[in-house]
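Enquirer: Could you look at this predicted model? Sequence included:
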Amino acid sequence: MKIKILLPLCLVCLLISCTPVTTLEKTWTDPSLTPETVKAYTKILVVASVRDESSKRIAEDKIVAALEPGLGVQSYNYLLPSDTNDTRLDAKLKKDGFDGILLMRLNAVDKSVSYNEGTGYGGWYGYRYSTPGYYSEDKNYIVETNLYSIQSNKLVWSATTSSMNPTKLDPTLDAINAADKAQLFKQGLIK
């Protein structure tokens with residue numbers, strides 16, 4: 001009977017321990033937005049500002065998938081290499097019905113080193129078992145996500161998340177997107 005309870009519990013603990021710890025560090029919303037004046041965005045251009053094209057596409061796909069269907073459009077599907085003039089790009093976005101731009105970027109990678117004490121065990125006949133101490137490095141990825149209004153041409157919402165020692169891109173993006181989406185929904189900026 002106990003094994004039936006213990007096995008699923010161990011599996012859940014294992015899955016939780018393998019995922020990176022992502023926390024929402026801070027958010028900001030334009031103080032001019034009040035519950036009476038805020039409106040949910042209906043079409044958002046999603047831009048992931050990362051170095052390589054494959055990571056950009058993965059990130060933008062993940063963000064769009066986390067939003068309601070039809071709300072987000074990946075920049076790699078929409079923007080052309082010739083879209084370099086800000087005035088023409090704003091006009092193009094407005095003409096195509098966009099009302100917001102969601103920009104996600106890696107802001108910083110903070111590294112820290114810590115010393116982990118060795119352990120010692122008492123043994124028989126005066127023999128001691130021990131493991132040596134060691135140094136470990138933690139990497140904390142700080143990601144900033146900003147929502148800009150195309151109509152007012154200003155920043156209306158910003159969030160900073162922190163992900164400790166992520167090992168894979170997909171689960172880390174899922175955790176960041178979940179935190180961001182919850183805050184955007186809470187502020188009434190998305191449905």
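Expert: Thanks, I have the structure now.

Enquirer: Run through the helices of the protein in chain order.
Expert: 2-18, 53-66, 75-78, 86-95, 169-186 (DSSP state H).

Enquirer: Comparing those by mean pLDDT, which bottoms out?
Expert: Looking at those, the lowest mean pLDDT belongs to helix 2-18 (a mean of 47).

Enquirer: just to revisit the earlier point, so which of the helices of the chain is nearest Y41?
Expert: helix 169-186 (8.5 Å; CB to CB). Glycine gets a C-beta too; all of them are placed from N, C-alpha and C.

Enquirer: Tell me how far that closest one lies from the chain's centre.
Expert: 5 Å (CA atoms, centre = their mean, to the nearest Å).

Enquirer: list the helices and strands it packs on?
Expert: Helix 169-186 sits against strand 21-29, helix 53-66, strand 134-149, strand 154-164, with contacts defined as 3 or more CB pairs under 8 Å, 6 or more residues apart in numbering; DSSP states H and E.

Enquirer: May I have stretch 95-102 exported as CSV, CA atoms only?
Expert: Extracted in CSV, the C-alpha atoms of stretch 95-102 (Å, rounded to 0.1, in the frame of the first residue of the first chain):
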residue,chain,number,x,y,z
LYS,A,95,-2.3,48.6,-41.0
ASP,A,96,-2.1,44.9,-40.2
GLY,A,97,-4.1,45.3,-36.9
PHE,A,98,-1.3,45.0,-34.4
ASP,A,99,-1.8,46.9,-31.1
GLY,A,100,1.3,45.7,-29.1
ILE,A,101,4.8,44.4,-29.3
LEU,A,102,6.1,41.9,-26.8
